[in-house]
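>>> Just to be clear, the model below is a prediction. Sequence and coordinates:
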Amino acid sequence: MWCQRLAWLLRGRRGSAGRRWPWLPRGPGPVLAVPARCHPTAPASPCCAWQLHQDHLELRYGSTVMRLDFVWLRDHCRSASCYNAKTSQRSLDTASVDLAIQPQAVRVDETTLFLTWPDGHVTRYGLEWLARNSYEGQKQQVMHPRILWNAEIYQQAQVPSIDCRSFLETDEGLKEFLQNFLLYGIAFVENVPPTKEDTEILAKRISIIRETIYGRMWYFTSDFSRGDTAYTKLALDRHTDTTYFQEPCGIQVFHCLKHEGTGGRTLLVDGFHAAEQVLHQAPEHFELLAKVPLKHEYVENVGGCHNHMIGVGPVLNIYPWNNELYLIRYNNYDRAPGPACCGCCPPDDLFPFLQVLFVDNWRVLHGREAFTGYRQLCGCYLTRDDVLNTARLLGLQA
Ligand SMILES: C[N+](C)(C)CCCC[C@H](N)C(=O)O
Ligand SMILES: O=C(O)CCC(=O)C(=O)O
Ligand SMILES: [Fe+2]
């Protein structure tokens with residue numbers, strides 16, 4: 001049961017959350033004078049009918065049957081005194097709504113629901129708006145469309161890299177890039193001059209750079225300037241970064257500026273795909289990975305750098321209200337002493353890259369092969385909200 005529900009949530013659909021608005025009143029209350037019977041609206045809109053119940057209105061609009069609680073209907077009123085359309089903010093004090101409120105009169109025409117409340121206040125709702133914003137309407141929407149991948153799926157999909165100029169200069173280029181990023185959790189920009197400054201321009205096109213203990217834009221090479229394996233020539237097995245932050249960085253940008261030597265290829269694993277495999281093959285392990293909190297820490301005492309960061313959380317982080325997996329925290333290097341963790345990362349996906357790579361650090365694990373010679377990368381972390389904000393402004397579902 002748990003297993004099945006999670007299976008489709010991994011692919012980014014909305015769950016049938018167990019409980020509806022838990023803060024709404026339930027149980028006996030005054031019964032409406034209007035008997036519960038069906039009110040078809042004008043013959044011109046046969047697709048809409050409604051029925052009053054004790055604490056809610058049932059409204060059928062097209063194929064959507066909505067259960068609209070009276071408190072919800074009063075609270076969401078879009079009249080000028082209840083809602084500021086200029087700021088898109090609610091002005092109504094929700095706490096002032098009588099929890100036993102019932103409308104005095106209800107009318108529905110082809111496009112609009114009209115409610116008159118006991119104090120005479122009138123609320124109007126567009127039926128389209130209700131269908132989009134009601135629980136039932138939202139439940140049907142795909143919240144975060146995703147394509148889960150392994151090496152074969154990703155290669156077959158032939159996801160194009162976006163040209164740097166198109167990314168920087170056109171909304172279409174940026175939108176295509178973000179669509180790929182949202183679907184796969186990784187996306188590439190090609191033909192970027194190999195400098196930190198050019199990489200920064202790309203980062204700023206989609207987000208705000210998240211400054212961390214590593215700085216804002218960083219360079220790194222195998223000089224052990226920081227107390228971390230990333231600053232060596234050693235292989236790095238698959239991991240997500242900053243697991244030792246309370247909120248791990250949302251997105252990581254990598255740009256390989258120079259490599260005179262061998263090896264050093266980037267490994268990428270879609271952690272959500274891996275989680276899905278675990279869910280099917282060993283649901284009890286999935287549950288363990290979702291339940292057992294692990295402590296991660298970053299203890300650094302190298303040169304002038306002194307840091308002690310701690311972040312705690314399970315490997316698989318799941319929203320309790322809809323069972324959606326939203327964040328993977330997996331870094332065996334940075335796991336602090338404590339309970340053991342089950343390895344959860346099946347096959348490796350290998351990517352040589354010279355382009356700028358954007359990685360969803362909440363979903364996709366990265367690593368690298370050991371290498372020889374001089375290898376220099378630059379990059380930065382991005383704030384997740386700002387990337388999603390840019391995507392939404394371009395009309396994408398994020
Ligand atoms: C990316 N940059 C080189 C700046 C830092 C690397 C941080 C490495 C750390 N072990 C972690 O996984 O979070
Ligand atoms: O050197 C690389 O390609 C990646 C190193 C790494 O994991 C990191 O910097 O976060
Ligand atoms: Fe890393």
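Sure thing, it's come through. Ligands and ions are numbered 1, 2, ... in the order given.
>>> isn't there a helix covering Ser166?
Yes - checked against DSSP: H, G, I helix; E, B strand; the rest coil, Ser166 lies within a helix.
>>> Give me the pLDDT value at it.
Reading off the confidence values, Ser166 has pLDDT 98.
>>> swap in Ser63?
88.
>>> Look up phi and psi at it.
phi -100, psi 0 (degrees, to the nearest 10).
>>> how close does it sit to ligand 1?
The spacing between Ser63 and ligand 1, counted by Cβ to the nearest ligand atom, to the nearest Å, is 47 Å. Glycine gets a C-beta too; all of them are placed from N, C-alpha and C.
>>> and if you look at Asn301?
For Asn301, the distance to ligand 1 under the criterion Cβ to the nearest ligand atom works out to 15 Å.
>>> wouldn't that residue be in contact with Arg226 here?
No - in this structure, Asn301 sits apart from Arg226 without contact. The criterion is Cβ atoms under 8 Å, and the distance is 10.7 Å.
>>> Looking at those two now, which is surrounded by more residues?
When Asn301 and Arg226 are compared for neighbours, Arg226 comes out ahead with 17 against 10, by other Cβ atoms under 10 Å.
>>> Now the residue of the stretch 101-250 of the chain found nearest ligand 2: closest residue in space that isn't a chain neighbour?
Checking the stretch 101-250 of the chain residue by residue against ligand 2 with Cβ to the nearest ligand atom singles out Ala230 as nearest, at 3.8 Å. Excluding its sequence neighbours, the residue lying closest to Ala230 (Cβ to Cβ, 6 or more residues apart in numbering) is Phe220, at 6.1 Å.
>>> residue contacts, that neighbour?
Shown here is Phe220, whose contacts under the criterion Cβ atoms under 8 Å, 6 or more residues apart in numbering are Arg226, Ala230, Tyr231, Gln376, Leu377, Cys378.
>>> at 10 Å instead, please
When the contact criterion is Cβ atoms under 10 Å, 6 or more residues apart in numbering, the partners of Phe220 are Tyr214, Arg226, Asp228, Ala230, Tyr231, Phe254, Arg375, Gln376, Leu377, Cys378, Gly379.
>>> likewise Cys164?
For Cys164, the contact set (Cβ under 10 Å, 6+ apart) comprises Gly173, Val189, Glu190, Asn191, Val192, Pro193, Asp198, Ile201, Leu202, Gln355, Val356.
>>> Quick one, grab the pLDDT at the fifth one.
By that I understand Val192. 96.
>>> On the three-state scheme, it is what?
Classified using three-state DSSP, Val192 is coil.
>>> can you pull the contacts of it?
Shown in contact with Val192 (Cβ under 10 Å, 6+ apart): 163-165, 167-168, 198-199, 201-202, 255, 354-356.
>>> How is the chain partitioned into domains?
Listed by automatic domain parsing, the domain ranges of the chain are 27-140, 151-393.
>>> And Arg124, how close does it get to Leu115?
8 Å (Cβ to Cβ, to the nearest Å).
>>> Residues that sit against both of these two, list them.
Common neighbours of Arg124 and Leu115 are listed as Cys77, Arg107 (criterion: Cβ under 10 Å, 6+ apart).
>>> if you count what's nearby, which of those two comes out ahead?
Looking at Arg124 and Leu115 with other Cβ under 10 Å, you find the greater number of neighbours at Leu115, namely 22 against 14.
>>> Now the helix or strand containing that one - C-alpha only, PDB.
Taking DSSP states H and E as the criterion, the element that holds Leu115 is strand 112-116. Taking Å, rounded to 0.1, in the frame of the first residue of the first chain, the C-alpha atoms of strand 112-116 are listed here in PDB:
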ATOM      1  CA  THR A 112     -19.800  31.800 -11.300                       C
ATOM      2  CA  LEU A 113     -20.800  30.700  -7.800                       C
ATOM      3  CA  PHE A 114     -22.400  33.400  -5.600                       C
ATOM      4  CA  LEU A 115     -22.600  33.000  -1.900                       C
ATOM      5  CA  THR A 116     -24.300  35.400   0.500                       C
END
